[in-house]
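K.L.:
pasting the structure only:
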C-alpha cells in the first residue's frame with residue numbers, strides 16, 4: 001500500500017505548488033510560471049537519486065529508444081499541460097482552475113481502460129460520469145446560458161495532457177530495466193532536466209525579460225520548484241508501483257487541500273456551485289478507487 005501514501009503526499013505538495021503558481025502568474029508570464037515548476041527541481045531530483053545510490057547500489061537504466069521516447073514525449077506534453085493550467089488560473093479563480101485541471105484523473109482512468117490494461121467496475125464508470133458533471137459545474141455553468149465552453153474545453157485539454165504525460169511517465173519507468181524506486185528517480189531526473197533545458201531555451205529566445213521577473217519573485221519561484229519536486233517524487237514513485245488510473249483518481253484528495261488553501265490562504269471565496277463541483281470530483285475519485293482497495 002506504499003503507493004497510497006506516496007499519492008497522498010504528492011497531492012498535498014501539488015496543491016501548494018498550484019497555489020504558489022497561481023500567485024506567481026500575476027507577475028510572470030505563462031512560460032515563466034511553467035519554468036518555475038522545474039528550474040530548481042533538477043538539483044533536488046539529482047540529490048534524491050544520489051541518496052538512493054548511496055543507500056544501496058543499483059545498475060543504470062537501459063537507455064533504449066522506447067525509454068527515451070517516453071521521456072521526451074512526457075516532457076513535452078507535461079510542459080503543455082502546465083501552461084494550460086496557468087491559463088486556467090488566469091481565466092478563473094484558483095480552486096476552479098485546479099478543479100478543472102483535475103479532469104486528468106477521469107481521462108487517465110479512460111486511457112487506462114483503453115490502452116493500458118486497467119479495468120473499471122460499474123462504480124468506477126459511475127465515478128467517471130460524476131466527474132464529467134463536476135467539470136461542467138466548475139466551468140461556471142448554472143444554466144445553458146452561462147455555460148463556458150471555452151473554459152470547459154481548456155480544462156479538459158489540460159487534464160488530457162496531464163493524463164497522457166502520466167501514462168508515458170509510468171511506461172518510461174517500466175521500460176527502464178530498474179526496480180523501484182530507482183526507476184522512478186531516473187525518470188524524474190531526466191524529465192525535469194529536459195523540461196528545464198527546453199523552457200530556458202524558449203524564454204532566452206522569445207521572452208528574455210521573464211528571467212528578470214522570476215528573479216524579482218525568487219522566493220515564490222523557489223517554493224514552486226521545491227513543492228513541485230517533492231510532489232513529483234511522490235507521483236512518479238506511486239505510478240511506478242500502481243497504474244496511473246488508480247494513482248490519479250486517489251490523487252483527487254488534492255481537491256480538499258485545494259479548498260483549504262484557496263479559502264484560508266488565498267482568501268478566495270468559493271461559490272456553492274464550485275464547492276459542489278469539487279465535491280463531486282472527490283466522490284468520483286472514491287467510486288473509481290473502491291474496486292481496487
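P.N.:
Received it, and whenever you're ready, just let me know what you need. Just so it is clear, the structure is predicted and the values come from calculations on it, not from any experiment. Numbering: from 1, shown residues only.

K.L.:
The helix or strand of the chain with the lowest mean pLDDT: what's the following helix or strand?
P.N.:
The helix or strand of the chain with the lowest confidence, counting by mean pLDDT, DSSP states H and E, is helix 94-101 at a mean of 60. Next along the chain after helix 94-101, taking DSSP states H and E as the criterion, comes helix 103-115.

K.L.:
mean confidence score for the helix or strand just after that following helix?
P.N.:
Past helix 103-115, further along toward the C-terminus, the next helix or strand under DSSP H and E is helix 122-138. On average, the pLDDT along helix 122-138 is 71.

K.L.:
buried sites along the helix or strand following helix 122-138?
P.N.:
Using DSSP H and E, the helix or strand that directly follows helix 122-138 along the chain is helix 149-174. Judged by neighbour count (16 or more other CB atoms under 10 Å), helix 149-174 contains these buried residues: 151-152, 154-174. C-beta: built from backbone N, CA, C; applies to glycine.

K.L.:
Now do residue 121: how many residues are near it, please.
P.N.:
Look at residue 121: counted by other CB atoms under 10 Å, it has 13 neighbours.

K.L.:
residue contacts, the nearest residue to residue 37 once chain neighbours are set aside?
P.N.:
Distance criterion CB to CB, 6 or more residues apart in numbering; nearest residue to residue 37, sequence neighbours excluded, is residue 228 at 4.5 Å. Shown in contact with residue 228 (CB atoms under 8 Å, 6 or more residues apart in numbering): 13-14, 17, 37-38, 41.

K.L.:
Could you dump those residues into CSV with distance to residue 55 added?
P.N.:
Formatted as CSV, these follow (distance: CB to CB, whole Å):
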residue, distance to residue 55
13, 22
14, 26
17, 27
37, 27
38, 25
41, 21
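
K.L.:
Specify which member of those is nearest to residue 253.
P.N.:
Distance to residue 253, by CB to CB, is smallest for residue 14 among these, at 10.4 Å.

K.L.:
How confident is the prediction for residue 65, by pLDDT?
P.N.:
pLDDT, residue 65: 92.

K.L.:
do you know how far it is from residue 238?
P.N.:
26 Å (CB to CB, to the nearest Å).

K.L.:
Please identify which of the two sits among more neighbours.
P.N.:
When residue 65 and residue 238 are compared for neighbours, residue 238 comes out ahead with 27 against 8, by other CB under 10 Å.
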